[in-house]
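*Asks:* model the following, please.
(one chain, ligands or ions: 1)
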Amino acid sequence: MAEAQARQRGGNADDDSGSARSGVRFEVDGEIATITLDRPEKRNAQTFATWSELARIGESLPEQVRVVVVKGEGPSFSAGIDLRMFTPEGVPGQGSFSSAAKSEGAGFEQRVSQAQAGFLWLRRPEIVSIAAVQGHAIGAGFQLALACDLRIVAEDVSFCMKEPALGLVPDLTGTKPLVDLVGLAKAIDICLTARTVHAEEAVRIGLAERVVAGGDLEQAIQDKAAQLLSTNRDAAVATKRLLQGALGRTLEEQSAAEAVEQAARIRTLFG
Ligand code: ACO
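*Replies:* Got it, this is the predicted structure:
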């Protein structure tokens, strides 16, 4: 990839000084933005700071960006939530689940919804998000991959929705895309057994678009980004909007929505 136009580094969540750091790197190169979970020594475990940084990136995403790549540094895409968040001490500067559990009223739900904001923007019609997934994608890591529109995976990928095994539910926006992608029965099987889904099955059941050798992952992502950028920007936004609405509409409603979007396209192109 050419010299990035903008770079920001979120730091290391293992910070013992108490300041909350995200372990997220963000780069923009023209129409492509890349988000890199950058704590490979801890298998890109995620904290509240990670999710805040993801949300902040979404809020300030430069307007020219059309493709957002989400990837993880090192052998694993992400080993999920930082397990220190389940200890009484928590992550320095970020608290823990036991402190959050004691919070009054809707405090915990609000924290979850703040965390979810880091994932939800990846489905905006204005962008196409691609997860480049190698090694482990566990729990919150699996859900971050699910938050993206497309998943291109390395041969060694292993997805695992571990939350139910830990007494939790997946709450980082992953349940709906999982059901949409693989169907209810398969989603129940994957989540309620917390079993591992490897590359061949991931592609077969529609969880991943493509599997490549680990060394080819970066090139495969670049190729997909180039393909996505080869179409008309406004038509791509309108088409994604249509496709996203399709599941919730009848055929007649969807046809009407197509006509509305096309009328706008025709006015722009020929009006
Ligand atoms: N949270 C905090 N630290 C982690 C996490 C995690 N989720 N995952 C790995 N690490 C740390 C390890 O403690 C270890 O640290 P150390 O070097 O200081 O001892 C380092 O990352 C490397 O981990 P290894 O286990 O040595 O790496 P390996 O490649 O052999 O295994 C694996 C990777 C399979 C991902 C393993 O680390 C693991 O099972 N991690 C926990 C996964 C998990 O249960 N996540 C929670 C899911 S539920 C949710 O996300 C809501």
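*Asks:* how close does the residue of the chain found nearest the ligand get to Leu61?
*Replies:* As assessed by Cβ to the nearest ligand atom, the ligand sits closest to Gly139 within the chain, at 2.2 Å. (C-beta placed from N, C-alpha, C; glycine too.) Distance of Gly139 to Leu61, computed by Cβ to Cβ, to the nearest Å: 25 Å.
*Asks:* looking only at neighbour counts, state which of those two leads.
*Replies:* Neighbour totals were compared for Gly139 and Leu61, and Gly139 leads with 27 against 18 (other Cβ atoms under 10 Å).
*Asks:* that one and Glu163 touch, don't they?
*Replies:* Yes - counting by Cβ atoms under 8 Å, Gly139 does reach Glu163; the two are 5.6 Å apart.
*Asks:* quick check: neighbours shared by these two?
*Replies:* Taking Cβ atoms under 8 Å, 6 or more residues apart in numbering as the criterion, Gly139 and Glu163 both touch Pro170.
*Asks:* ok, the residue of the chain closest to the ligand - contacts?
*Replies:* Ala79, Gly80, Ile81, Cys160, Met161, Lys162, Glu163, Leu166, Pro170.
*Asks:* how about 6 Å then?
*Replies:* Taking Cβ atoms under 6 Å, 6 or more residues apart in numbering, we find Gly139 in contact with Gly80, Ile81, Lys162, Glu163.
*Asks:* which residue comes closest to it once chain neighbours are left out?
*Replies:* What sits nearest to Gly139 in space, not counting adjacent residues and going by Cβ to Cβ, 6 or more residues apart in numbering, is Gly80, at 3.0 Å.
*Asks:* cool, Ile81 as well?
*Replies:* Once flanking residues are discounted, Ile81 sits nearest to Ala140: 4.7 Å by Cβ to Cβ, 6+ apart.
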